[in-house]
Each structure stands twice: as C-alpha cells, then as structure tokens.
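In: generate a structure from the sequence data that follows.
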Amino acid sequence: MTVDIPAFFERYEWSYTPVDDAIWQSSFATDRDEDFDLYVAQREDWLHFAVSPLTPLPHVECQDALYTALLQLNSSIRLVRLGVDDEGDVNLLADLPATVVDYAAFAITLDTLVYYTQKLAHELTRTATQVGYRSPLF
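Out: Numbers count the residues shown, from 1 in each chain. Predicted coordinates:
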C-alpha cells in the first residue's frame, strides 16, 4: 500500500526532502534550540519513523549507563521506542502499519516523536557524554 507521505508533511506544515523514492527527511528543533533529523521510510506494508541520531555517540565510559537508561525508558514510554543502530547511534523509533495510516495517525506519530525528543534528548545526551551523570528522569 502506498501512502502519500509528501502530502502528510505538507498538511503538517513541515518541510521535507526526499532521500529516495521511499524515504523522506525532515528536521525540527526543540525548546532548547537543539536540531534533530527525522526520517520516514515506506517499506512494503509499514511506515518507519526515526529521529536519528537522538544523542551524540556515547563515550566508551558512558555506554553502560546510557544503555541501561534506554532499557529503563523503553518500559515507560508509549507509542515509540529507543534503539541503537549498527553505527552506535541512539534513535527514537516508531512504526505504523500502512493499512491504518491516515493523516491523523501520521500527525500523532510526529507529535509523539517530538514530545519524547524534547523530554529525553538532553538528559540522554548528558548520560552519553558525561561520566557519572545520573538523570532525575531515569
């Protein structure tokens, strides 16, 4: 099933750039003026969303604390999940079955990704880069 992702971005009033025939890239800023890239990929029967990267690559000394925080947070966040890709980047991810995607589902997914990026990115970045940092969020 094909979903008109460009039309959804336009209705959401976000600019976007096609990366290829089935991937679109956009960006947004948080209240802290931190910029993040958002990717939407259409694959067969699914739409995949990613805020990538959510944090800088973690310092070696901080990896255990960061990965522990990611696991803890995944049990408490809703509609999205945190993951680490093959390059070591922390990503905030969401997936929607294409058969149920309409504009409302697309918008709620973007709203949720922005919400959790605003709530978590700064604290996760500190956890990834400051040895011994313990966030009050997790």
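In: tell me the contacts of Tyr12?
Out: Residues near Tyr12 by C-beta atoms under 8 Å, 6 or more residues apart in numbering: Phe106, Ala107, Leu110. The way it works is simple: take the backbone N, C-alpha and C, and place the C-beta from them, glycine included.
In: quick one: buried ones out of the residues you listed?
Out: Buried by 16 or more other C-beta atoms under 10 Å: Phe106, Leu110, out of the contacts of Tyr12.
In: ok now stretch 78-87, how far from the chain's centre?
Out: How far stretch 78-87 lies from its chain's middle: 7 Å, per C-alpha atoms, centre = their mean, to the nearest Å.
In: which residues does the nearest residue to Phe36 once chain neighbours are set aside contact?
Out: What sits nearest to Phe36 in space, not counting adjacent residues and going by C-beta to C-beta, 6 or more residues apart in numbering, is Val51, at 5.2 Å. Neighbouring residues of Val51 by C-beta under 8 Å, 6+ apart: Phe36, Asp37, Leu38, Asn91, Leu92, Leu93, Leu113, Thr117.
In: so of these, which ones are in helices?
Out: Among the contacts of Val51, the members falling in helices (DSSP state H) are Leu113, Thr117.
In: among the contacts of Val51, pick out the one closest to Ile5, please.
Out: For the contacts of Val51, the residue nearest Ile5 by C-beta to C-beta is Leu38; the value is 11.6 Å.
In: ok, the closest residue to that closest one other than its chain neighbours - contacts?
Out: Spatial nearest neighbour of Leu38, excluding adjacent residues (C-beta to C-beta, 6+ apart): Ser26 at 4.7 Å. By C-beta under 8 Å, 6+ apart, the contact list for Ser26 reads Phe9, Trp14, Ser15, Tyr16, Thr17, Asp37, Leu38, Val40.
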